[in-house]
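Trainee: Here you go, sequence then predicted model.
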Amino acid sequence: MLLHVLGPKSGYTRGKGNGYGGSAKARLQVEQQQKLRQQQEKITHLQNELEATKKEMEEYKMNQTRTIAALEERLIEMITRKTRKELHDDDDYE
């Protein structure tokens with residue numbers, strides 16, 4: 001805010017009349033500040049996007065891990081049932 005007060009001013013504001021524009025150096029400084037601000041905003045936006053993507057990836061990995069664990073449990077249960085059934089069927093033949 002202080003920089004805005006002390007920043008470049010047009011000729012009218014400086015008391016020189018309407019014909020005097022701001023200095024080229026001052027305009028260049030303002031443009032550079034605007035570019036810097038835009039770049040900082042873009043960096044902040046991209047960092048937020050990166051964090052959101054990382055969070056999504058972690059959730060996806062956790063979901064995949066849970067799915068694999070559930071499938072393993074189901075497979076073990078199916079193998080156990082089949083083994084018990086085969087053992088039970090073998091007992092009937094003897």
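Mentor: In hand now; what should we look at?
Trainee: tell me the pLDDT at Gln40?
Mentor: Note for Gln40: predicted pLDDT of 98.
Trainee: Tell me how far it lies from Ala24.
Mentor: 24 Å (CB to CB, to the nearest Å). Any C-beta I mention is one placed from the backbone N, CA and C, and that applies to glycine too.
Trainee: can you check Gln34 too?
Mentor: For Gln34, the distance to Ala24 (CB to CB) stands at 16 Å.
Trainee: Please report how far Glu31 lies from Gln39.
Mentor: Taken as CB to CB, the span from Glu31 to Gln39 is 13 Å.
Trainee: brain fart, Glu72
Mentor: 49 Å.
Trainee: swap in Gln64?
Mentor: Applying CB to CB to Gln64 and Gln39 gives a distance of 37 Å.
Trainee: now Lys82
Mentor: Distance, Lys82 to Gln39, using CB to CB: 63 Å.
Trainee: Would you map the helices across the protein?
Mentor: 2-6, 24-93 (DSSP state H).
Trainee: Mean neighbour count, those helices: which tops it?
Mentor: helix 24-93 (a mean of 10; mean count of other CB atoms under 10 Å).
Trainee: Can you find the helix or strand in this protein with the smallest mean pLDDT?
Mentor: Here the helix or strand of the chain ranked lowest by mean pLDDT, DSSP states H and E is helix 2-6, holding a mean of 56.
Trainee: now could you export just the CA positions of stretch 73-84 as PDB?
Mentor: The C-alpha trace of stretch 73-84 is given here as PDB (Å, rounded to 0.1, in the frame of the first residue of the first chain):
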ATOM      1  CA  GLU A  73      -9.100 -61.800   2.200                       C
ATOM      2  CA  ARG A  74     -11.800 -63.100  -0.200                       C
ATOM      3  CA  LEU A  75      -9.300 -65.300  -2.100                       C
ATOM      4  CA  ILE A  76      -8.100 -66.800   1.200                       C
ATOM      5  CA  GLU A  77     -11.600 -67.400   2.300                       C
ATOM      6  CA  MET A  78     -12.500 -69.100  -1.000                       C
ATOM      7  CA  ILE A  79      -9.400 -71.300  -0.800                       C
ATOM      8  CA  THR A  80     -10.200 -72.200   2.800                       C
ATOM      9  CA  ARG A  81     -13.800 -73.100   1.800                       C
ATOM     10  CA  LYS A  82     -12.600 -75.200  -1.100                       C
ATOM     11  CA  THR A  83     -10.000 -77.000   1.100                       C
ATOM     12  CA  ARG A  84     -12.600 -77.700   3.800                       C
END
